[in-house]
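**Student:** Build me a structure from this.
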Amino acid sequence: MKHRRVLIIGLNYAPEPVGIGPYTQGLAEALAGQGAAVEVIAGQPYYPQWRPYPGYSASAWRTATENGIAITRCPHYIPADPGGARRIVHLASFALSALIPALGRALRPRERQPQLVITVAPALLGVFTAWIAARLSGGQLWIHVQDFEVEAALATGLLKPQGLPARLARWVEARLLRLGDRVSTISPQMCAKLADKGIARERVVELRNWADARFVPDAAGAEQIRREWGLGQRLVALYSGNIARKQGIEILVEAARLLEHRTDIAFVICGEGPNRAALEAQADGLTNIQLHDLQPAERMGAMLAMADLHLLPQIAGAADLVLPSKLTNMLASARPVVATTEPGTGLYAEVEGCGALSPPGEAAALAASIVRLADDPVLRAKLGAEARRRAEERWSKDAIIARAVSEMDRL
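**Tutor:** Residues are numbered from 1 along each chain as shown. Alright, predicted model coming up:
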């Protein structure tokens, strides 16, 4: 990538601590480290709380250098409750807002125009903005799909499968994805889905998310958190991340209710999101479950080490629409993962052999998986060791970035 000029357009970016933002940041900084001249057009940070972060303007464009990367922040609509229509307006407002700085980059003198434009979906509507920038500058367009947002909206009930909006959304999605000179996504199953959507296989690239090297296991910090939260020596089943529809996180409260008699097991949920209040109401009165805010990045190493096992629920039909980015750090922490998903999905393939699996929506089966691991420390250690090995083998950032850079140079 040396001396290449790269423009990245993505709604989510650091300082958002979870979700897509850290990976877009990591990609930008890795390409810059390879010698590329990288610029980023991003939204205002808001995730996962769905509230604007303090210190960022919600009504103006602002360009600043962050970790050596020139980043232009765009104003856009941030709904407190991101339902169907509001979410579409949210994504569309970023795509329109990003068009202004994208045109500015594309209409520069030739020697300063981007040679490669990378756009990250969500927001899928931002693909059109990136395509305009690529065509005007004569550059190539790379679309990176973190989440099949149209199908996720169908799976979570935000869109009715046979309705006109759903048919229109599928048509728009297919048309936009076919604009890419390369289209990447984060798992083999999602790559296959791109091919099913009509993307030529020679244009499809697997570009996984990676384990975050900042989250080094911190045993001392883990003990401190256990003391702070009164967990003692109980086995901790941890969920940390976004609290929204596609997670199906309500099943964790149902499982906790079934296991309330097991005073040696504690459920800990750390997160933010539009379903947080409803989840707190559902858990009211349970003594074996704690809800906390999402912890800062500097405590994540301690959080991962504090857990004895990690919980990763998914609703039926959503497992191959997005491979949860949090899985990478769960595996790297050398703790087994307890996931709800169907056989044949990407999530099932990643967790099988290093955790426990149960069908989506079946709280009793999830509770049984947790009990089996809670009562068998030898099995937990074995599965945790395999999780760590798998993280090193499949989720190494250096190897993932090297493959991406090689493909970008060929393009």
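**Student:** since we're on residue 364, how many residues are nearby?
**Tutor:** 11 (other C-beta atoms under 10 Å). C-beta here means a position set from N, CA and C on the backbone, and glycine is covered the same way.
**Student:** counting contacts, what elements does the helix or strand containing it pack onto?
**Tutor:** For residue 364, the enclosing helix or strand under DSSP states H and E is helix 363-374. Packing partners of helix 363-374 (3 or more C-beta pairs under 8 Å, 6 or more residues apart in numbering; DSSP states H and E): helix 250-258, strand 265-272, strand 309-312, strand 337-340, strand 355-358, helix 377-394.
**Student:** Among those, which comes closest to residue 37?
**Tutor:** Residue 37 lies closest to helix 377-394 among the helices and strands packed on helix 363-374, at 30.6 Å (C-beta to C-beta).
**Student:** And the contacts of that closest one?
**Tutor:** For helix 377-394, the external contacting residues (C-beta atoms under 8 Å, 6 or more residues apart in numbering) are 208, 211, 308-309, 328, 330-337, 350, 353-356, 372-373.
**Student:** Can you turn the buried part of those residues into a ChimeraX selection?
**Tutor:** Restricted to buried positions by 16 or more other C-beta atoms under 10 Å, the ChimeraX selection for those reads:
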select :208,211,308,309,328,330,331,332,333,334,335,336,337,350,354,355,356,373
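**Student:** which one in the protein is furthest away from the centre?
**Tutor:** residue 109 (35.8 Å; C-alpha atoms, centre = their mean).
**Student:** how much space is there between that residue and residue 120?
**Tutor:** Distance from residue 109 to residue 120, counting by C-beta to C-beta, to the nearest Å: 27 Å.
**Student:** Residue 395 now?
**Tutor:** Distance, residue 395 to residue 120, using C-beta to C-beta: 19 Å.
**Student:** Check residue 261 too.
**Tutor:** 45 Å.
**Student:** Using PDB, write out every CA atom in stretch 323-330.
**Tutor:** What follows is stretch 323-330, C-alpha atoms only, in PDB (Å, rounded to 0.1, in the frame of the first residue of the first chain):
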ATOM      1  CA  LEU A 323     -20.700 -12.700  12.900                       C
ATOM      2  CA  PRO A 324     -20.500 -10.900  16.300                       C
ATOM      3  CA  SER A 325     -17.300  -9.000  16.500                       C
ATOM      4  CA  LYS A 326     -17.100  -9.600  20.300                       C
ATOM      5  CA  LEU A 327     -16.500 -13.300  19.500                       C
ATOM      6  CA  THR A 328     -12.900 -12.700  18.600                       C
ATOM      7  CA  ASN A 329     -12.000 -11.300  22.000                       C
ATOM      8  CA  MET A 330     -14.100 -14.000  23.800                       C
END
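**Student:** residue boundaries of the strands in the stretch 101-250 of the chain?
**Tutor:** 116-121, 140-145, 182-185, 204-206, 235-242 (DSSP state E, counting those that start in this stretch).
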